[in-house]
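Student: Requesting a structural model of the entry that follows:
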Amino acid sequence: MPEYWWAARMSALSLDSSLDLPEQAPSAFAQLRPLIHKGWEMVLVAAELASPSLDPTLLLSDYDRCLPTALAARGWTSAQLQHVLEGVRAEGIACDRPGWLARHRFFPGVVERLHALADEASSWVVLTTKGAAFARELLASAGLQPLQLFGHESGSKPAVLARLQQQHRVPLWFIEDRRLTLEAVRACPELDPVRCLLVSWGYLAPGDSRNLPAGISLLTPEVFAGPLAGWH
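Tutor: Residues are numbered from 1 along each chain as shown. Next comes the predicted model:
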């Protein structure tokens, strides 16, 4: 969360220096984080939160419809915001890599479990909506090296999973903290063989872990830390 807000705030300010944005993430940003899918969205959300007349509950209740309206009102484009965001992050790494890395925190047990997967000869791949270069920096800081890494530049996660299947990387277990992404995978008949697991940690929205549809299972930290045979 500290890096998300820092990058979003710096990007928004570079586009509009008149914005009044606090250095610490406001509570509304944390509330909206589970809805944010792509990097450019968090820049727009940060800019919107600078408006004293904004009602955050409106964004929460109708996020997908509010986004294009806010984008058009500011005269910005999603590609423009993504470009600015990646520039801010690249500069942050170039000027102060330790400081940039210090804004990130891995969820407890994740780094250890990924190292253990390597010891178990189980290969793992990263699919992320973050830029690949930035994800690679984070993983390297923890001594982690996936078999492959796909950033937002590689397309949607369902599309990447389809390509992995074509490479005969089966079976595929897809671990994700965004329920909508898992539901998108389940909506693709060609991805039926992919096992979908929703982690109980991460940026889940309230209620995301309840009443899961068929084909999506909840993965708790305790099960994640255990043997692969127990993942279900």
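
Student: Which parts of the chain are strands?
Tutor: In the chain, the segments counted as strands under DSSP state E are 125-127, 148-150, 173-176, 195-199, 216-219.

Student: distance of Asp177 from Gly215?
Tutor: Distance of Asp177 to Gly215, computed by Cβ to Cβ, to the nearest Å: 17 Å. Where you see a C-beta, it was placed from the backbone N, CA and C, and this is true even at glycine.

Student: Quick one: residues contacting Leu85.
Tutor: Listed by Cβ atoms under 8 Å, 6 or more residues apart in numbering, the contact set of Leu85 reads Ala7, Ala8, Ser11, Gly39, Trp40, Met42, Val43.

Student: Can you give me the neighbour number for the fifth one?
Tutor: In this case it means Trp40. 25 (other Cβ atoms under 10 Å).

Student: tell me the pLDDT at it?
Tutor: pLDDT recorded at Trp40 is 96.

Student: Dump the strands of the chain to TSV, plus distance to Val110 and mean neighbour count.
Tutor: As requested, the strands of the chain are arranged in TSV below (distance: least, Cβ to Cβ, whole Å; neighbours: other Cβ atoms under 10 Å):
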stretch	distance to Val110	mean neighbour count
strand 125-127	12	19
strand 148-150	16	17
strand 173-176	10	17
strand 195-199	9	20
strand 216-219	12	16
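
Student: which stretch among the ones you listed comes nearest Phe107?
Tutor: Within the strands of the chain, the stretch nearest Phe107 is strand 195-199; the backing value is 8.4 Å (Cβ to Cβ).

Student: partners of the closest one in the sheet?
Tutor: Using DSSP bridges, the strands paired with strand 195-199 are strand 173-176 (parallel), strand 216-219 (parallel).

Student: so what's the residue sitting nearest the centre point of the chain up against?
Tutor: Central residue of the chain (Cα atoms, centre = their mean): Thr129, 5.5 Å from the mean position. Each residue near Thr129 by Cβ under 8 Å, 6+ apart is listed here: His37, Lys38, Gly39, Gly151, His152, Lys157.
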